[in-house]
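Q: prediction below, plus the sequence it came from.
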Amino acid sequence: MTTLAGRLHRLPLRWRLIAILLTLLLAALTLTSAATAFLMKRELISRVDDNLRKSSASIANRAVDVLQGTTDRMPTGYAVVIIPTDGSRPTAIPATDVDAYPAISDLSLEDSRVVTGTPFTLGTDGSTLQWRAVAKASQGGDAIAVVAQPLADIHKTVWRLVQMAVLIGLLTIAVSAVLAWFAVARAFRPLTKIEDTAAAIAAGDLSQRAPESDAPHEVASLSRSFNAMLTHVEESFDVRAASQERMRDFVADASHELRTPLATVRGYAELYRQGAVPATAVPETMARIESEAARMSNLVDDLLLLARLDEARPVEFAPLDLTVVAAEAVAAARVRDPERRIVVQPLAGALSPTLVHGEEAGMHQVLGNLLTNAIRHTPPGTPVEVVVGRRDDRAVVEVRDHGPGVEEATRTKVFERFFREDKARSRANGGTGLGLAIVAAIVGRHKGRVGIANTPGGGATFVVELPAAPTSS
C-alpha cells in the first residue's frame with residue numbers, strides 16, 4: 001500500500017487527479033452495483049416467499065394426491081418433501097423442471113419454521129442448487145410437508161444483472177476517463193501557461209506574464225497574484241540594477257575625484273624629494289599640497305555623510321525654527337564672503353517663526369550647502385537672498401542667486417552625485433560635486449522636496465519645501 005501511494009505521489013498532478021476521480025467512480029459503481037444486486041435478490045426472494053405462503057397448502061395436497069396415485073403430475077417449479085412425524089423415511093417428489101428436491105430429513109412439529117410458517121433456505125445433496133421452502137403440518141399432525149421452489153432462476157437473474165452492471169461500469173469508467181482527461185487538461189491549461197512563464201523567467205526573461213482572466217476561480221486568482229509578484233520582482237530587479245549602476249558610477253567618480261588630488265600631492269612630494277623645487281617655491285608647493293589634502297578630506301567627509309544618509313539610520317526630530325537656522329547660515333556665509341550681500345527675507349509680509357520637525361544639524365547642512373553652491377557658481381559680489389516662510393501646510397526656504405542660472409536640461413541632474421555642469425571650474429572652486437546630493441538626501445529624509453526655479457531677472461532659485469509643524473491657535 002505504501003509503495004502504491006509512493007508511486008501515485010510521483011505521478012504528475014493531472015494523472016493523480018484522473019486516478020483519484022476514476023477510483024472514486026469505480027468505488028461508487030461497485031457499491032451501487034452490489035447494493036442493486038442485493039436488493040434485487042432480496043425482492044425476488046420476497047416474491048417467492050409470498051408465493052410459497054399462498055400456494056403451499058394446495059401444493060402439499062397435490063403432493064398427497066401424487067403419492068396416492070390420484071394424479072401423476074406436480075405443478076411446474078415446485079418440489080415437496082413429506083416427513084412423517086413417527087420417524088419413518090421421508091418421501092420426496094422432485095420438481096419437474098430441475099429433477100431435484102431439497103435436502104431435508106428431519107423436522108419436528110415444534111420447530112419454529114413449522115409453527116410460524118416462516119420461509120427458509122435449503123440446499124441440494126450433491127449440487128449447488130438452493131431452494132426456498134415453507135413447512136406445513138398436516139391436519140392430523142402425522143406428517144410435515146415441505147414445499148420448496150428452486151432459486152436457480154433468481155440466481156441467474158441476479159448474475160445477469162451483475163454482468164450488465166460490470167459491463168456498463170467499465171464503459172462508464174472508460175468514457176469518464178476520456179472526459180476527465182480533457183476536463184483536467186482544460187483546467188490545467190492556465191497552470192501550464194503559468195509553468196511556461198515561470199520557466200521563461202527562470203531563463204532570465206522577467207518581462208513574461210501569465211495570461212489573466214476575469215473568471216472568479218482559483219486559477220485566475222493565482223494568475224493575478226503571480227503577475228503581481230512578477231511585477232514586484234521585476235521592479236526590485238530594476239531598482240537593484242539601477243542601484244548597482246549608480247554604485248559603479250559612484251565608485252568610478254569617487255576614484256576619479258580622488259585620483260586628481262592624490263596625483264597632485266604625489267607629484268609635488270616627488271619634486272620636493274628630488275630637490276627640484278627651488279627654496280623660494282617651497283611655501284607655494286606646500287600650500288598646493290595642503291590645498292589638495294584639504295580637498296581630499298572634504299571629499300571623504302562628504303562621502304561618509306552620504307553613506308550615513310543612505311543607511312537611513314533613525315534620527316530624532318525636534319521642533320525647529322527655519323527662520324533661526326536661515327539667519328545662522330547667512331551669518332556664517334557672510335564670514336566666508338564678506339564682500340557679498342547675503343540677506344534673509346520673508347516669503348510674504350514680515351519674518352515670523354517657521355516651525356518644522358527636523359534635525360538641526362541636517363538643516364544647517366542643507367542651507368550651508370545651498371549658500372556655498374550659490375557663492376561658488378556666481379560672480380563675486382553677486383547678491384544672494386534666503387527667503388523663509390510658509391505656504392499652506394509646507395515650510396518653504398528659497399536660496400536665490402543672480403548668477404548665470406541652471407539650464408532646464410540639467411535641473412534634474414544637479415542633485416546627482418558628482419554632477420558638475422562645468423567640471424573644470426567646479427574643481428577650481430574647491431567643490432566635491434556632492435553638496436547638492438547631500439541636500440537632496442537630507443531633505444528626502446525629512447519627507448520634503450527640493451527643486452530649482454528661475455530667479456526673476458536671471459539666476460537660480462533653489463526651493464526647499466518641508467512639512468510644517470502644526471501651530472497652536
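A: The structure has been received and is ready for your questions. Numbering: from 1, shown residues only.
Q: where exactly do the strands run in the stretch 301-450 of the chain?
A: Assignment of strands within the stretch 301-450 of the chain using DSSP state E, counting those that start in this stretch yields the ranges 318-321, 342-346, 355-358, 384-391, 394-401, 449-454.
Q: for residue 23, which of those is the nearest?
A: With respect to residue 23, and counting by CB to CB, the nearest of those is strand 449-454 at 65.6 Å. Every C-beta, even on glycine, is put in place using the N, C-alpha and C of the backbone.
Q: buried residues in that closest one?
A: 450, 452 (16 or more other CB atoms under 10 Å).
Q: for the stretch 1-150 of the chain, what spans make up the strands?
A: 79-84, 91-93, 120-124, 127-137, 143-150.
Q: most packed of those?
A: Burial of these is given as mean neighbour count (mean count of other CB atoms under 10 Å); strand 143-150 ranks first at a mean of 25.
Q: next SSE downstream of that strand?
A: helix 152-202 (DSSP states H and E).
Q: tell me what that next one is packed against?
A: helix 13-68, strand 127-137, helix 218-273 (3 or more CB pairs under 8 Å, 6 or more residues apart in numbering; DSSP states H and E).
Q: next, the angle helix 218-273 makes with that helix.
A: Put simply, helix 152-202 runs at 20 degrees to helix 218-273, going by axes from the mean of the first three to the mean of the last three CA atoms, to 10 degrees.
Q: hang on, the earlier thing: give me whichever of the helices and strands packed on helix 152-202 is most buried.
A: Comparing the helices and strands packed on helix 152-202 by mean count of other CB under 10 Å gives strand 127-137 as most buried, with a mean of 20.
Q: neighbouring strands - and their directions - for that one?
A: Within its sheet, and counting by DSSP bridges, strand 127-137 is paired with strand 120-124 (antiparallel), strand 143-150 (antiparallel).
Q: show the average pLDDT along it.
A: Averaging pLDDT along strand 127-137 gives 86.
Q: now what about it, what contacts it?
A: Contacting residues not belonging to strand 127-137 are listed as 45, 48-49, 52-53, 56-57, 60, 79, 98, 100, 102, 104, 107, 109, 111, 113-114, 117-124, 143-152, 155 [CB atoms under 8 Å, 6 or more residues apart in numbering].
Q: circling back: nearest to residue 239, of the strands paired with strand 127-137?
A: Between these, strand 120-124 lies closest to residue 239; by CB to CB that is 84.8 Å.
Q: how is this structure partitioned into domains?
A: 2-161, 210-313, 315-467 (automatic domain parsing).
Q: those: lowest mean pLDDT?
A: Across these, domain 210-313 gives the lowest mean pLDDT, at a mean of 76.
Q: just how off-centre is that domain within its chain?
A: Domain 210-313 sits 37 Å away from the centroid of its parent chain (CA atoms, centre = their mean, to the nearest Å).
Q: also stretch 439-446?
A: 36 Å.
Q: now swap in stretch 457-467 and tell me
A: Using CA atoms, centre = their mean, the mean C-alpha position of stretch 457-467 is found 46 Å from that of the whole chain.
Q: can I get the CA coordinates of that stretch in CSV?
A: In CSV, the C-alpha atoms belonging to stretch 457-467 read as follows (Å, rounded to 0.1, in the frame of the first residue of the first chain):
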residue,chain,number,x,y,z
GLY,A,457,15.7,88.9,-13.6
GLY,A,458,18.1,86.0,-14.0
GLY,A,459,19.7,83.4,-11.8
ALA,A,460,18.8,80.2,-10.0
THR,A,461,16.4,79.7,-7.0
PHE,A,462,16.8,76.5,-5.0
VAL,A,463,13.4,75.8,-3.3
VAL,A,464,13.2,73.5,-0.3
GLU,A,465,9.8,72.5,1.0
LEU,A,466,9.2,70.6,4.2
PRO,A,467,6.1,69.6,6.2
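Q: quick one: buried residues of that stretch?
A: Here stretch 457-467 shows 459, 460, 461, 462, 463, 464, 465, 466 as buried, counting by 16+ other CB under 10 Å.
Q: from those residues, which land in strands?
A: Members of the buried residues of stretch 457-467 lying in strands (criterion: DSSP state E): 460, 461, 462, 463, 464, 465, 466.
Q: report the two of the residues you listed separated the most.
A: 460 and 466 (19.8 Å).
Q: if we can go back for a sec, mind putting the strands of the stretch 301-450 of the chain into TSV with distance to residue 287?
A: Below are the strands of the stretch 301-450 of the chain laid out as TSV (distance: least, CB to CB, whole Å):
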stretch	distance to residue 287
strand 318-321	39
strand 342-346	28
strand 355-358	39
strand 384-391	28
strand 394-401	29
strand 449-454	35
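Q: looking at those strands, which is buried most?
A: strand 394-401 (a mean of 23).
Q: which residues does it contact?
A: 322, 326, 347, 354-356, 366-367, 370-371, 373-374, 377-378, 382-390, 455, 459-469.
Q: next one: stretch 231-240
A: Contacts of stretch 231-240 (CB under 8 Å, 6+ apart): 206, 207.
Q: at 6 Å instead, please
A: residue 206 (CB atoms under 6 Å, 6 or more residues apart in numbering).
Q: nearest to residue 434, of the strands paired with strand 127-137?
A: Nearest to residue 434, of those and by CB to CB, is strand 120-124 at 105.8 Å.
Q: residue 455 and residue 381, how far apart?
A: Applying CB to CB, to the nearest Å, the value for residue 455 to residue 381 is 16 Å.
Q: more neighbours, the two?
A: residue 455 (18 against 9; other CB atoms under 10 Å).
Q: does that one really touch residue 461, like I thought?
A: Yes: in this structure, residue 455 is within contact of residue 461 by CB atoms under 6 Å, at 4.8 Å.
Q: in space, what's closest to residue 414 - neighbours in sequence excluded?
A: Spatial nearest neighbour of residue 414, excluding adjacent residues (CB to CB, 6 or more residues apart in numbering): residue 436 at 5.4 Å.
Q: now for the one you found, how many residues are close by?
A: 21.
Q: what do you get for residue 347?
A: That count, for residue 347 with other CB under 10 Å as the rule, works out to 16.
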